[in-house]
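J.: Got a sequence here, can you build the structure:
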Amino acid sequence: MTDLVRNADSTAEFQPVVTGLQEVDNSAALQKIKTVYEQRCLLYFFSKAKSAWITRGKGNVRIQKHDDSAYYQLVLYEEKTLKLRLCAIIPPENKLEANEGSDRLWTFACTDYSESEDGKGVVQSCAIKFKNSEVADKFKGEYEKYQAINKEGMAKAGESKKTEVAKEEAKEEAKEEAPKEAAKEESKA
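T.: Numbers count the residues shown, from 1 in each chain. From the prediction side, this is the model:
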């Protein structure tokens with residue numbers, strides 16, 4: 001009898017619970033993203049309510065640049081679930097600070113867009129912990145390198161924005177001056 005059970009084929013059929021799902025081709029979008037640095041780490045966020053560091057995710061932190069963007073950003077997807085846990089532009093005004101108790105943990109503040117549905121980020125205190133101090137120091141070097149590049153890009157964007165604002169102001173002044181000049185010509189006639 002046991003031989004029959006061991007060699008028996010299952011006739012059970014299972015239907016998917018969720019139907020109508022289609023596979024999405026995102027290869028074109030992925031080709032636009034250039035990863036310049038990647039390293040395995042643990043990510044922590046500081047919880048003000050609990051006054052403690054909370055583990056946010058474990059995975060590879062990446063410094064990436066999208067072809068359509070002028071800035072480098074930090075991105076971390078959780079290892080097993082592939083949930084986006086960190087998505088932040090590397091801020092040019094912040095700097096990495098070493099944690100007092102560890103030489104392999106860096107803390108920084110950033111505007112995180114990983115859970116943003118309305119496009120507005122949340123300012124978070126973050127900590128990234130690496131497996132050893134050499135890897136942590138290499139991350140700091142890469143972070144500061146791309147932070148300087150972002151600072152230059154934002155300065156150029158600020159200058160171009162100032163010139164755009166000046167052009168808009170000149171257009172507005174020209175629009176305001178045109179009716180005044182027309183009224184002067186009419187009064188002369």
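J.: Quick check: next helix or strand after the lowest-mean-pLDDT helix or strand in the chain?
T.: None of the helices or strands of the chain scores lower by mean pLDDT, DSSP states H and E than helix 2-6, at a mean of 61. As assigned by DSSP states H and E, the chain's next helix or strand after helix 2-6 is helix 27-31.
J.: Got the phi and psi for the spatially most central residue of the chain?
T.: Residue closest to the average C-alpha location in the chain (Cα atoms, centre = their mean): Cys87, at 2.6 Å. When quoted as degrees, to the nearest 10, the phi and psi of Cys87 stand at phi -150, psi 100.
J.: tell me the mean pLDDT over stretch 58-76?
T.: If you average the pLDDT over stretch 58-76, you get 91.
J.: Show me what counts as buried in it.
T.: For stretch 58-76, a neighbour-count test (16 or more other Cβ atoms under 10 Å) marks 59, 61-65, 71-76 as buried. Bear in mind the C-beta positions are built from the backbone N, C-alpha and C, glycine included.
J.: End to end on that stretch, go ahead and measure it.
T.: End-to-end distance of stretch 58-76 (Cα to Cα, to the nearest Å): 8 Å.
J.: Give me the pLDDT for Glu152.
T.: 89.
J.: before we move on, what about the one 5 residues further on?
T.: Reading off the confidence values, Ala157 has pLDDT 77.
J.: for Asn99, same thing?
T.: 83.
J.: From what I see, it and Phe108 are in contact.
T.: No: proximity of Asn99 to Phe108 does not meet the contact threshold set by Cβ atoms under 8 Å, at 10.8 Å.
J.: overlap in contacts of those two?
T.: With contacts defined as Cβ atoms under 8 Å, 6 or more residues apart in numbering, the residues shared by Asn99 and Phe108 are Ala127.
J.: three-state assignment of the closest residue to Glu79 other than its chain neighbours?
T.: Of all residues beyond its chain neighbours, the one nearest Glu79 is Gly59 (4.2 Å), with distances taken as Cβ to Cβ, 6 or more residues apart in numbering. What DSSP: H, G, I helix; E, B strand; the rest coil gives for Gly59 is strand.
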